[in-house]
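Q: return atomic coordinates for the entry below.
(one chain, ligands or ions: 1)
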Amino acid sequence: MIKIDYSRKIKQLPPYLFAEMDRLKQEGVKQGQRIISFGIGDPDLATPEPIIQALKKAADAPENHHYPSYEGLFLFRKEISQWFIKRYGVSLDPETEILSLLGSKEGIGHLPFAFIDKNDFVLVPDPGYTVYRSGTVFAGGTPYLMPLRKENGFLPDLKAIPERIKKRARLMFINYPNNPTAASAPRAFFEDVVKMAQRYHIIVAHDAAYNEMYFDNEKPFSFLEVKGARDVGIEFHSFSKTFNMTGWRVGFAAGNADILKGLGSIKNNLDSGVFQAVQYAAMEALRRYDELSAPIRKVYGSRRDLVAARMDELGWKYVKPKATFYFWVETPAGYDSRKMTMRLLQEAGIMVTPGNGFGENGEGFIRLAVTVNDDLINEAFDKIGSIRW
Ligand SMILES: *Cc1c(COP(=O)(O)O)cnc(C)c1O
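A: Next up is the predicted model:
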């Protein structure tokens, strides 16, 4: 027997949040508890039928059974560029400014390998999607946490980042509409980011996973719409939330060609691209974007209104989201994130995610992912209503 010892990088990571949540849930189930989960940001609804049909058809064709190219079929990238013009008015070269991904998580996790050397800083939002931090750590970089605070609309305060950090930062992650805070960013914020990036030569990676999950017809814009953005950054897009396709593992990055080239050379060495039949299915999704994504927005929008109404009855404190399927809720007096999460689970069988699981600045909040139907939402809030805080 040899001694199995994990790398310092692995040991440096906090326990993967959702693994811990899953363990708690299993414990509850074992004790015979009925659990309603607002825990994980995975849609409960099925992928729209035409996308499934496109997959079936493409899966039959033997030419799709080979290794795909890591950058994606040219047809796929062309379809993306056409969609991008229609949706955002931004024209992208499908050859150099679009790269297919095995889900945007894959691209986000790999990006630091292309640009980060030991001791380089990466600006990471806190609370934030955990992959920004773990990708940075795996690449040997040092995350510099940018707090997202309520009083600042859950935007990072760029002026508060010390000069010496900005000078050593090579990469910055931002994400709006935001997970976990559900905040949206004004265009002026993106403009400030571009200015800072130009001044300090920082690569910007904007995670747009929730750009198509918006409500009240307030469409989020693309980072790439901002003047100068394409000189400094790329944007990650995902089919997962837009079309209920989390299991399909397909997404793309768009923007600066040199940055994409760096990411591409990492991918070239580590993966072999997205199954072509899935790329054809994703093309169908983009071609029918309006028809297929609008009903999904409608469902999440009406759930948002229901949850907001039920939380208002309880007097819970939150900002009503304009996008995403999340609610970022303040814990009541005397409760930290973990204590509120545990009480909801133990007394009502309700799973939520403790805010501090997304970073220390998430303390004092819990996150609800509204990935359950109206009946379950009502059942959950009836149960929560009987808890005396
Ligand atoms: C869900 C999510 C992703 C990952 O999406 P995939 O395309 O499924 O990998 C990326 N970023 C954020 C913020 C997310 O919530």
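
Q: quick check: phi and psi at the residue nearest to residue 381 when sequence neighbours are not counted.
A: Spatial nearest neighbour of residue 381, excluding adjacent residues (Cβ to Cβ, 6 or more residues apart in numbering): residue 310 at 3.9 Å. Quick note: C-beta positions are derived from backbone N, CA and C, even for glycine. The phi/psi pair for residue 310 (degrees, to the nearest 10) reads phi -70, psi -40.

Q: quick thing: my sequence starts at 22, can you match it?
A: Sure thing, new numbering starts at 22, so read that last one as residue 331.

Q: identify the residues contacting residue 331.
A: 398-399, 402 (Cβ atoms under 8 Å, 6 or more residues apart in numbering).

Q: list the buried residues in the helix or strand encompassing residue 299.
A: Element membership of residue 299, judged by DSSP states H and E, is helix 297-308. By 16 or more other Cβ atoms under 10 Å, the buried positions in helix 297-308 come out as 297-307.

Q: same deal with stretch 165-173?
A: 165-169.

Q: which residue is nearest the middle of the protein?
A: Nearest to the geometric centre of the chain sits residue 230, at 4.9 Å (Cα atoms, centre = their mean).

Q: surely residue 190 touches residue 142?
A: Yes - with contact defined as Cβ atoms under 8 Å, residue 190 counts as touching residue 142 (4.3 Å).

Q: pull the number of nearby residues for the closest residue to residue 241 other than its chain neighbours.
A: Distances taken as Cβ to Cβ, 6+ apart place residue 232 nearest to residue 241, at 4.7 Å, with adjacent residues excluded. Neighbour count of residue 232, defined by other Cβ atoms under 10 Å: 26.

Q: check residue 346 too.
A: By the criterion of other Cβ under 10 Å, residue 346 has 27 neighbours.

Q: wait, doesn't it sit right on residue 328?
A: No - in this structure residue 346 lies outside contact range of residue 328 using Cβ under 8 Å: 9.5 Å.

Q: what do those two both touch?
A: Common neighbours of residue 346 and residue 328 (Cβ under 8 Å, 6+ apart) are residue 391.

Q: whatever residue of the stretch 272-410 of the chain ends up closest to the ligand - nearest residue in space that isn't next to it in sequence?
A: Nearest residue of the stretch 272-410 of the chain to the ligand: residue 272, at 3.9 Å (Cβ to the nearest ligand atom). Spatial nearest neighbour of residue 272, chain neighbours left out: residue 125 (3.7 Å); criterion: Cβ to Cβ, 6+ apart.

Q: and the gap between the residue nearest to residue 402 and residue 337?
A: Distance of residue 331 to residue 337, given as Cβ to Cβ, to the nearest Å: 9 Å.

Q: how about residue 144?
A: The value you get for residue 144 to residue 337, if Cβ to Cβ is used, is 31 Å.

Q: looking at these two, which one has more neighbours?
A: residue 144 (28 against 19).

Q: could you list the buried residues of the one helix or strand residue 288 maps to?
A: According to DSSP H and E, residue 288 maps onto helix 278-291. Within helix 278-291, the residues that count as buried by 16+ other Cβ under 10 Å are 278, 280-281, 283-285, 287-288.

Q: please see if that helix touches the ligand.
A: No - Helix 278-291 stays clear of the ligand (Cβ under 6 Å from any ligand atom), getting no nearer than 13.9 Å.

Q: which element is residue 255 on?
A: Element membership for residue 255, per DSSP H and E: strand 254-259.

Q: same thing with residue 60?
A: Assigned by DSSP H and E, residue 60 belongs to no helix or strand.

Q: just give the number of residues close to it.
A: Neighbours of residue 60 under the rule other Cβ under 10 Å: 24.

Q: show me which residues of the stretch 122-271 of the chain sit near the ligand.
A: 124-126, 150, 196, 200, 228, 230, 259, 261-262, 267.

Q: among these, which one has the most neighbours?
A: Within these, residue 228 tops the neighbour count with 28 neighbours, counted by other Cβ under 10 Å.

Q: angles on the backbone of that one, please.
A: Torsion angles, degrees, to the nearest 10, at residue 228: phi -90, psi 110.

Q: who is it paired with across the strands?
A: residue 257 (DSSP bridges).

Q: just the pLDDT for it.
A: You'll see residue 228 listed with a pLDDT of 98.

Q: pull the helix or strand with minimum mean pLDDT from this structure.
A: Every helix and strand in the chain was compared by mean pLDDT, DSSP states H and E; the lowest is helix 38-51, with a mean of 76.

Q: residues touching residue 281, list them.
A: Going by Cβ under 8 Å, 6+ apart, residue 281 touches 117-120, 255, 274-275.

Q: check what pLDDT it gets.
A: Reported pLDDT for residue 281: 98.

Q: quick one, helices of this structure?
A: In the chain, the helices defined using DSSP state H lie at 29-33, 38-51, 70-81, 95-109, 125-136, 151-159, 184-189, 208-221, 250-253, 278-291, 297-308, 310-335, 358-369, 395-406.
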